[in-house]
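**Q** no sequence for this one, just the structure:
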């Protein structure tokens, strides 16, 4: 029997990394369905411009997902401004592409801090809210197909996304009786800044942020755990996992996924520079005024970024 559609209109949704890419596309889709959307991002100025562009009462906030206190302030301010939080979408993430032995510690730390620790922090803060109010909620964690397989050139990224899949599975079982819905979103390469320099795989073209957003909305309306984007990749992935290890490696060569990321090395300079400059917990924790809301004045925010990078 098909699950009844759950209305999105009026729900309060917070999205991390919501100023661009998948986060922005998801915010747009939710606003169109009448949700009350809060986008959090470490780039507050861009978040504000995005919120203004989306309209529909969208609110912008500063959030550093690797700083627990900043994440708590973000969620508290959203609830103060918009009401009790119904949905948290842990979307913020970065991906460095390099051979594992050549990856510096900074790239490793950033990916673990943002992709994994940020999701752990957001999930825990949201679960506590669900338990305190006793009326359920929906947690959406953005993972990747890299959370189901291993891809040469992004070993650390794969490790963080495997962890997000496992975390999400555990939370879905642990808190089901408390009304917590959990969805784990696993797209292939998306045509965003993060996917810069990565060509299409054989049989699979890059998807658009709107494609991911549509599946997230679908999972909120009809809750499900596995959210593969496109859906066909979930079926293909399951079939490949049934194969012996040698056959799995041959399939990687057949689809070209054994070289897909390695071939992108050196073709992502613009994104890699921006990602390398993202040292959120280190550069902003001390700068963020204690006890203040996450919405800093633009001039102060710009000043702090300049000081942190000097």
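**A** Looks like it arrived, so ask away. Computed from a predicted structure; not experimentally measured. Numbers count the residues shown, from 1 in each chain.
**Q** My read is that residue 98 contacts residue 155, right?
**A** No: the pair formed by residue 98 and residue 155 falls short of the contact definition of Cβ atoms under 8 Å, at 9.1 Å. For the C-beta atoms, the positions are set from N, CA and C on the backbone; glycine is no exception.
**Q** Neighbour count: these two, which is higher?
**A** It is residue 98, of residue 98 and residue 155, that has more neighbours when counted by other Cβ atoms under 10 Å, with 20 against 17.
**Q** what secondary structure does the more buried one sit in?
**A** With DSSP: H, G, I helix; E, B strand; the rest coil as the basis, residue 98 sits in coil.
**Q** Identify the residue spatially nearest to it, adjacent ones excluded.
**A** Closest residue to residue 98 apart from its sequence neighbours, by Cβ to Cβ, 6 or more residues apart in numbering: residue 265 at 6.1 Å.
**Q** Now the one you found: phi and psi?
**A** According to degrees, to the nearest 10, the main-chain angles of residue 265 amount to phi -60, psi 130.
**Q** Checking my notes, residue 182 in a strand, right?
**A** Yes: checked against three-state DSSP, residue 182 lies within a strand.
**Q** Check the gap between the residue nearest to residue 98 and residue 154 for me.
**A** Taking Cβ to Cβ, to the nearest Å as the criterion, residue 265 is separated from residue 154 by 10 Å.
**Q** secondary structure class for the nearest residue to residue 16 once chain neighbours are set aside?
**A** Spatial nearest neighbour of residue 16, chain neighbours left out: residue 92 (4.1 Å); criterion: Cβ to Cβ, 6+ apart. Reducing the assignment to helix, strand or coil with three-state DSSP, the entry for residue 92 is coil.
**Q** okay, residue 92: pLDDT?
**A** The predicted local confidence for residue 92 comes out at a pLDDT of 97.
**Q** Quick check: it touching residue 23?
**A** Yes: A contact is recorded between residue 92 and residue 23 when judged using Cβ under 8 Å, the distance being 7.5 Å.
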